[in-house]
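In: Next come a sequence and a model predicted from it.
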Amino acid sequence: MKIIARKKEIEELERLYSSGRSEFVIIYGRRRIGKTYLVNRLFSDRITFSYVGARNQPPKMQLQRFANQLREASGSVFAPTVTSWVGAFEELRKLIESKPRNERKVIFFDEMPWIDTPRSSFVEALEYFWNAWAAQRDDIMFIACGSATSWMVDKLVKNRGGLHNRITAQINLRPFSLGECEELLHAHGCIWDRYTITQCYMAFGGVPFYLTLMNQHESLAQNIDRLFFMKNARMSEEFEELFNALFPNADKYIAVVKALAAHREGLMRSEIIDSTGISGGDLSKILENLRRCDFIEVYSRYKSAVRNSLYRIIDPYVLFYFKFINGNHSKDEHFWNNNINSRQVSAWQGFSFETICLLHLSQIKKRLGIGGISTNSCSWRKVGSTAEQGAQIDLLIDRADRVINVCEIKFSETPYAITKDYEERLRTKMAVFRQETKATKSLALTMVTTYGILPGIHSGIVQNEVLMDDLFAL
C-alpha cells in the first residue's frame, strides 16, 4: 500500500537523501501520528542501521539491545560488547565504515527520548559522534524520531551544547486533515460518505493509527462501541498511555487539558491558573508542549490584549474522551449506538464541528477565495448578565482587504434553515460586535454548514457559504 498523504514530507526527505552531504534530520509529532511508518516505508530497503528506544529500560538493557541490532546489521554471529553510549557510537562508526564509501547510509534512531535515561550520557555521546566524525562525511543521513516532542525540541532543536545549529532539517508530523482521512479510510476499505467521515473525525481526529483500527464491515457507531465502550476495548486506556508516553509529570498536563475541556470556548491563562493551581514557568512549558503536540491552540481575541488570548483544545479525540469516556461508569457496551440520537451527542457534534472548522481554516479561506490575502483568525466574546446582552463569535476572519468574515458554524443532517428568530439573532450579534469593537471594516456573514443553507425569505442575510465538502479539499 502506498504512503497516504505526507507528500511534502516525502519530498523533503527525498531531497535530503540526495543532498550529497551528511544530514541530521529530526522528525517529531505526537504518538500514533505515523513517524515510524513514514520512515520505514519510505526507506524500507535503504536503511543501514535502525534502533528503537525502549521506554523505562535502564542504560544497560538499552545498550545490549543496541549491540544486538549492530550484530544483525553487520551480519555477524557475535554482538559487540558495549558498556557506554560512547562505545556504542564507536561500534556504529565501524559498521558505517565497512560499507562502500559512495553508498548513502541511512541511520534511524526511533523513540530517541526513551534512550536518554538519567545518567546515560546519551546526548553527549551523540554530540561527539556527529561533530567529531559523521558531520565531516558526505554520505550519512541520520534520522532521529520521537513522540516526546518536548524532549526532541529542547534536547535537539534548541540544544545549546555540541548540537547547537547542527540539525539540518526538522519535520513536525501533524494530524491528517479531513481529506487525508478520507483517503486513508477508503484505502482500508471503509467507503464511508463525507458526513460519516466527519463524524468519525469528531471522535478520533486526524490520527492515522486510530483510523486503521476501523472495521470496514461495521458501521461507525459499531466501531466506536468496539473501540471505546466494550469490555477490554482497544482504546479504553489510550488517553493515559498517550499522555504518560509524551510528557514527564503527565498529571499536570492532564489537569490542564481537563480544565480546558470543561470550557469549550477556551480559557485565558489567568483562568487556567485559577482552575489548576499551576502557574509560572511550569504552566508556560506545559502550554507550549501541548501546542507542539497539536492538542491545543492559542486564539487571539479581536482587538484584545495578548494576555486575553484563549487557549483551546483542538484535538477531537481529547474532547471526545473528556465528554464521553472519562468518568463514564456506564456498563453499556453499546453506549454509542444507544445514545447516537440523544441531545447530549447532538450538542457535542455541533461543538466538534466548530473545532473541525478551526482545524481547516486554510480550506475555508480557499473556498472564500481569500487564500492569498493576509488574514488574522480570532474569536470575540462580550460577556453580559443576560443572553441578550452577551454575544459570542467563535470565528472571525479579519482580512487585509478591509473585510471581516463573521463565521457561523452549524452541523446538521440536512440543509440548514434560517428562521425569523435566528435571522434576528444574527443581525443583533453583528450589530453588538460592531458597536462594542468600533469595527470599521465591512462585515460578511459566512455560514459554514454540512449541506448548505436552505433557500428562504430569511436566508438573504448570508453573504458567503462554506460546505462540509469544501473542508475535504487537499
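Out: Okay, I see it.
In: which residues does Ser377 contact?
Out: Counting by Cβ atoms under 8 Å, 6 or more residues apart in numbering, Ser377 touches Tyr299, Leu358, Leu361, Leu395, Leu396, Ile397, Asp398. Using the backbone N, CA and C atoms, a C-beta is placed for each residue, glycine as well.
In: Neighbour-wise, which one of those leads?
Out: For the contacts of Ser377, counting by other Cβ atoms under 10 Å, the largest number of neighbours falls to Leu396: 25 neighbours.
In: Packing partners of the helix or strand harbouring that residue?
Out: Following DSSP states H and E, one finds Leu396 within strand 391-399. In terms of contacts (3 or more Cβ pairs under 8 Å, 6 or more residues apart in numbering; DSSP states H and E), strand 391-399 is packed against helix 343-359, helix 361-368, strand 375-382, strand 403-410, helix 420-437.
In: partners of the fourth one, with directions?
Out: Sheet pairing of strand 403-410 (DSSP bridges) gives strand 391-399 (antiparallel), strand 442-449 (parallel).
In: Including distance to Ala132, could these go into JSON lines?
Out: Shown next, in JSON lines, are these (distance: least, Cβ to Cβ, whole Å):
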{"stretch": "strand 391-399", "distance to Ala132": "51"}
{"stretch": "strand 442-449", "distance to Ala132": "55"}
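In: Quick check: the gap between Glu238 and Val462.
Out: Taking Cβ to Cβ, to the nearest Å as the measure, Glu238 falls 40 Å from Val462.
In: Please state the backbone phi and psi of the residue nearest the centre of the chain?
Out: For the chain, the residue nearest the mean C-alpha position is Asp294 (3.6 Å; Cα atoms, centre = their mean). Phi and psi for Asp294, reported as degrees, to the nearest 10, are phi 70, psi 30.
In: Roughly how far does it sit from Gly146?
Out: 15 Å.
In: With Phe353 instead?
Out: According to Cβ to Cβ, Phe353 and Gly146 sit 33 Å apart.
In: Compare these two (neighbour count), which wins?
Out: The neighbour comparison of Phe353 against Gly146 (other Cβ under 10 Å) goes to Gly146, with 27 against 23.
In: Next, the contact list for Arg71, please.
Out: By Cβ under 8 Å, 6+ apart, the residues touching Arg71 are Val77, Phe78, Ala79, Pro80.
In: residues touching the residue nearest to Arg119 when sequence neighbours are not counted, list them.
Out: Using Cβ to Cβ, 6 or more residues apart in numbering and skipping the chain neighbours, the partner closest in space to Arg119 is Pro59 (7.5 Å). Residues in contact with Pro59 (Cβ under 8 Å, 6+ apart) are Trp85, Thr117, Arg119, Ser120, Phe122.
In: Mind pulling up the pLDDT for the residue nearest to the first one when sequence neighbours are not counted?
Out: Just to be clear, that refers to Trp85. Nearest non-adjacent residue to Trp85, counting by Cβ to Cβ, 6+ apart: Ala125, 3.6 Å away. With respect to pLDDT, Ala125 has a value of 96.
In: And for Ala125, the neighbour number?
Out: Residues near Ala125, counting by other Cβ under 10 Å, number 17.
In: Now find how far off-centre the strand or helix carrying Met141 is within its chain.
Out: Element membership for Met141, per DSSP H and E: strand 140-146. Remark: strand 140-146 is offset 21 Å from the chain centroid, using Cα atoms, centre = their mean, to the nearest Å.
In: neighbouring contacts of it?
Out: In contact with strand 140-146 (Cβ under 8 Å, 6+ apart) are residues 16-17, 22-28, 35-36, 39, 96, 104-114, 130, 134, 152, 156.
In: What is the neighbour count of the residue lying closest to Ala444 once chain neighbours are set aside?
Out: By the measure of Cβ to Cβ, 6+ apart, the closest residue to Ala444 outside its immediate chain neighbours is Gln463, 4.5 Å from it. Other residues near Gln463 come to 14 when the count uses other Cβ under 10 Å.
In: quick one: Gln463 and Met430 touch, right?
Out: No - with contact defined as Cβ atoms under 8 Å, Gln463 does not reach Met430; the gap is 11.0 Å.
In: what sits in contact with each of the two?
Out: Joint contacts of Gln463 and Met430 (Cβ under 8 Å, 6+ apart) are Leu445.
In: Low-confidence bits of the protein, can you list those?
Out: The chain contains residues with pLDDT under 70 at 1, 384-390.
In: ends of stretch 72-84, how far apart?
Out: With Cα to Cα, to the nearest Å as the measure, the ends of stretch 72-84 fall 19 Å from one another.
In: List the buried residues for it?
Out: Ala73, Ser74, Ala79, Pro80, Val82 (16 or more other Cβ atoms under 10 Å).
In: Please, where are all the strands along the stretch 201-350 of the chain?
Out: Along the stretch 201-350 of the chain, the stretches classed as strands by DSSP state E, counting those that start in this stretch are 296-301, 310-313.
In: Give me the angle between the first one and helix 420-437.
Out: What it means is strand 296-301. Going by axes from the mean of the first three to the mean of the last three Cα atoms, to 10 degrees, strand 296-301 is angled at 70 degrees with respect to helix 420-437.
In: which residues sit against strand 296-301?
Out: Identification of contacts with strand 296-301 by Cβ under 8 Å, 6+ apart yields 257, 260, 266, 287, 290-291, 306, 308-315, 358, 376-381.
In: let's see 10 Å
Out: With contact meaning Cβ atoms under 10 Å, 6 or more residues apart in numbering, strand 296-301 is reached by 256-257, 260, 265-266, 268-269, 286-291, 306, 308-315, 318, 355, 358-359, 376-381, 394-396, 398, 437.
In: Next: the last one.
Out: When contacts are defined by Cβ under 10 Å, 6+ apart, strand 310-313 is touched by residues 256-269, 271-272, 283, 287, 290-291, 295-301, 304, 319, 322, 354-355, 358, 378-379, 381, 394.
In: Mind exporting the C-alpha coordinates of that strand to CSV?
Out: This file holds the C-alpha atoms of strand 310-313, laid out as CSV (Å, rounded to 0.1, in the frame of the first residue of the first chain):
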residue,chain,number,x,y,z
LEU,A,310,-7.7,32.0,24.6
TYR,A,311,-6.1,28.5,25.0
ARG,A,312,-8.5,26.0,23.4
ILE,A,313,-8.3,22.2,22.9
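In: Just the buried positions in that strand, please.
Out: Judged by neighbour count using 16+ other Cβ under 10 Å, the buried positions of strand 310-313 are Leu310, Tyr311, Arg312, Ile313.
In: For the residues you listed, give me CSV that also has distance to Met214.
Out: What follows is the buried residues of strand 310-313, written out as CSV (distance: Cβ to Cβ, whole Å):
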residue, distance to Met214
Leu310, 33
Tyr311, 31
Arg312, 27
Ile313, 23
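In: which one of these sits closest to Arg6?
Out: For the buried residues of strand 310-313, the closest approach to Arg6 (Cβ to Cβ) belongs to Ile313, at 24.7 Å.
In: residues in contact with the residue of the chain most remote from its centre?
Out: Distance from the centre of the chain peaks at Val77, with 42.8 Å (Cα atoms, centre = their mean). Val77 makes contacts with Arg71, as judged by Cβ under 10 Å, 6+ apart.
In: Dihedrals phi and psi, it?
Out: Note on Val77: its backbone torsions stand at phi -80, psi -30 [degrees, to the nearest 10].
In: Please renumber the chain so that the first residue is 9 from this point on.
Out: Got it, the first residue is 9 from now on, which makes the last one we talked about Val85.
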